[in-house]
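J.: Show me how the following folds:
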Amino acid sequence: MCELRAAHRYRVTASALDAAAIAILFSTFFAAHSLWNLIPTTLTFALLALVTVLGVLLSIRHDSTFIAVLGLVGGFATPALLSTGENRPIPLFVYLLLLNVGLAWVAVRKKWPVLTILTLVLTTVYQWGWVVTFMSSSDLTLGMGIFLVFSVTSFIALTLGRADRGGVMALTLERSALAASAVPLAFAIFLATVPRYGEHTGLLFGFLLLIVVGLSAVAVVPQDHRLSPSGSRHPTRPAAVAWSWRSPSCLRPFMRLRLWRPIACAVRSPGSARAPHMRRPSYYSCSR
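T.: Residues are numbered from 1 along each chain as shown. Next up, the predicted model:
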């Protein structure tokens with residue numbers, strides 16, 4: 001009845017009924033699986049994902065942020081509610097990636113900053129939950145890929161939201177992209193502090209290089225020079241120093257003294273080179 005033509009005269013009531021229907025569908029499918037074992041896990045997962053898509057579509061139709069947030073919460077709750085305790089990162093993060101892409105599209109189209117913020121927070125919770133619970137040395141490459149892919153997704157959302165430059169949505173996307181870039185940086189520092197991960201020196205410094213490149217891209221798009229890798233206080237420097245102390249003793253002097261500047265000079269942001277305080281030739285700042 002919420003979709004009948006007459007219901008458009010009662011937008012608040014129709015949105016409330018749609019939200020209640022979504023909540024009932026979520027609880028019904030979950031109870032049918034967990035309490036009564038009527039439907040298998042795979043079918044339950046598909047049904048809950050379908051309800052999430054339905055909630056997002058209804059939120060667009062009714063221009064209702066509340067319905068969109070309800071669908072978002074249900075979408076992120078689905079993997080946790082149906083978890084079997086097994087380590088299955090690829091299906092989990094593929095689902096979360098698709099959820100991120102869909103919600104980013106809705107947030108940019110409808111200019112709903114709350115969706116961007118909640119998506120970033122809940123995705124980060126899942127990422128770190130998997131790292132703390134399941135990740136081992138054999139999953140190191142997979143973990144790096146997971147953190148990088150979601151950061152790239154946030155960067156793409158930032159690029160698409162540039163049309164609203166100066167608006168609330170553009171500011172939210174910019175700050176979310178900065179926060180999303182900080183998540184793999186925090187992961188890099190975490191890896192540097194754990195001995196079993198710090199042994200993979202080449203892999204770790206390659207990951208750090210990709211982070212520097214990503215931060216450069218984030219700095220260039222909104223013309224924000226605070227994250228330029230040529231800056232002396234670039235946020236990836238602590239990770240580089242930590243990894244240098246975790247490396248073999250014969251390599252420590254080289255890594256501590258020579259590794260940081262070649263990386264910074266190789267990926268210097270073009271925007272930062274035009275900044276007033278960076279008018280000297282590039283060889284000057286890299287030769288110190």
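J.: which SS class is the most centrally placed residue in the chain?
T.: With distances taken as CA atoms, centre = their mean, residue 150 lies nearest the centre of the chain, 4.1 Å away. Under DSSP: H, G, I helix; E, B strand; the rest coil, residue 150 falls in the helix class.
J.: Now do the same contact list for it.
T.: Residue 150 makes contacts with 93, 96-97, 100, 123, 127, 180, 183, as judged by CB atoms under 8 Å, 6 or more residues apart in numbering. For every residue, glycine as well, the C-beta is placed using N, CA and C.
J.: same question, residue 65
T.: Going by CB under 8 Å, 6+ apart, residue 65 touches 59, 112, 114-115.
J.: What does the pLDDT read for the residue nearest to the centre of the chain?
T.: Note on residue 150: pLDDT of 92.
J.: how far out from the middle of the chain is the longest helix seen in the chain?
T.: Ranked by residue count, the top helix of the chain under DSSP state H comes out as helix 168-193. Its chain's C-alpha centre and that of helix 168-193 lie 8 Å apart, by CA atoms, centre = their mean, to the nearest Å.
J.: Stretch 151-163 too?
T.: Distance, centroid of stretch 151-163 to centroid of chain: 11 Å (CA atoms, centre = their mean).
J.: Show me which positions of that stretch end up buried.
T.: For stretch 151-163, the neighbour count (16 or more other CB atoms under 10 Å) marks 151, 153-155, 157-158, 161 as buried.
J.: Give me the neighbour count for residue 17.
T.: 15 (other CB atoms under 10 Å).
J.: try the one 5 residues further on
T.: Around residue 22 sit 22 other residues, with neighbours defined as other CB under 10 Å.
J.: and it, backbone torsions?
T.: phi -60, psi -40 (degrees, to the nearest 10).
J.: what angle do the helix or strand residue 142 falls within and helix 168-193 make?
T.: For residue 142, the element it lies in under DSSP states H and E is helix 140-160. Between helix 140-160 and helix 168-193, the angle comes out at 160 degrees (axes from the mean of the first three to the mean of the last three CA atoms, to 10 degrees).
J.: just how off-centre is helix 140-160 within its chain?
T.: How far helix 140-160 lies from its chain's middle: 6 Å, per CA atoms, centre = their mean.
J.: Check stretch 39-51 too.
T.: 24 Å.
J.: Show me what counts as buried in that stretch.
T.: Buried positions in stretch 39-51, judged by neighbour count with 16+ other CB under 10 Å: 44-45, 47-49, 51.
J.: Of the contacts of residue 150, which is the most crowded?
T.: Highest neighbour count within the contacts of residue 150, by other CB under 10 Å: residue 180, with 26 neighbours.
J.: so that residue sits right up against residue 119, yeah?
T.: No: Residue 180 is beyond contact range of residue 119, at 9.8 Å (criterion: CB atoms under 8 Å).
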